[in-house]
Every structure is written in structure tokens, then in C-alpha cells.
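Student: Quick one: sequence and predicted model below, then my questions.
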Amino acid sequence: MILQENCKLVINLTKSKEHGQTKCDQYWPSEVGESLRFEENGQVMQIILMSCESVMTNLIRLKLKIINVTEDRELREVIQLNYLSWPDHGAPEQTDYQIIQKLIDYIQEHHLNGGKSSGPSKNSAPKIGEGHQKAQEN
């Protein structure tokens, strides 16, 4: 879907697992430098985790590179922001409003820059874009 929709930014609003249940399929590698391969439309694709940093408590920034192995060409880099404390049921705690504001500010800046931003870091102003994942309903 990231390739199909030409996304450059993904916002993930759930942990991969919560209370022993899978909430989101993890399609990205767990460690920097590792990669995962998959097939899409007869083409072998590879996702490489280029970097991972904690922007603030419960907000992680991943930089992913997607490569078409079949055609030996890089397709795009994607920024993924993982907001790790969104509750499965209900709304975020008031203490998480700063994270939500950072996400909103980044989305606005990302769109103003035509999708050319690298995501927030500890020392930068927020930036974000397209795509999100929600917790799967039980």
C-alpha cells in the first residue's frame, strides 16, 4: 500500500503487540541495517531500516528504504513515526498531548514542503505526511 499510494510518511498509532495480541503486522525490520523481503505484483521488494531514534517518550522515528530487487533500483525512502502510547480503547492521556501536537505540526510542515521532509528528531521542528495504521479491532 505504501508503494501503491506513493506514501513518503507513515504514522503508526499502535504497538505491534499489546497484551499478547497482534495489533499491527510489522512490515519493517527490527534492527538498523536489517532488511525484509516481500513480493508485490511479481516484483521482489526489500525494506531496509536505515535509522531508528526516540524523538520523545513514546514517539519513535524510523527511516526506511524500499528497493525493487527485481529491477535493481531504489524506489523511495519513507519516514515512519510510531506513536506507542495510543490506547487500544479510548483517547490518549493528557500527558500525551505534546506528542499529538508534534505529529500535527509535522503533518502541516510536511505538506507545506511538498512532502520533502525527514521527520522529527530530538533536535528539530516536527514534520509529517501521509498514511496511518489503526489498532485492529478485537
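Tutor: Noted; the coordinates are in hand. Residues are numbered from 1 along each chain as shown.
Student: pLDDT wise, what is the residue most central in space within the chain at?
Tutor: Nearest residue to the geometric centre of the chain (CA atoms, centre = their mean): residue 80, 2.0 Å. As predicted, residue 80 sits at a pLDDT of 91.
Student: and it, helix, strand or coil?
Tutor: Secondary structure assignment for residue 80 (DSSP: H, G, I helix; E, B strand; the rest coil): strand.
Student: Going by neighbour count, which residues of the lengthiest strand in the chain are buried?
Tutor: Counting by DSSP state E, the longest strand found in the chain is strand 43-56. Applying a neighbour-count criterion of 16 or more other CB atoms under 10 Å, the buried positions in strand 43-56 are 45, 46, 47, 48, 49, 52, 55. Bear in mind the C-beta positions are built from the backbone N, C-alpha and C, glycine included.
Student: Settle this for me: the fifth one is touching residue 33, isn't it.
Tutor: Read it as residue 49. Yes - contact criterion CB atoms under 8 Å: residue 49 and residue 33 qualify, at 6.9 Å.
Student: Check the contact between the residue nearest to the centre of the chain and residue 13; I expect there is one.
Tutor: No - in this structure, residue 80 is not within contact of residue 13 by CB under 8 Å, at 11.4 Å.
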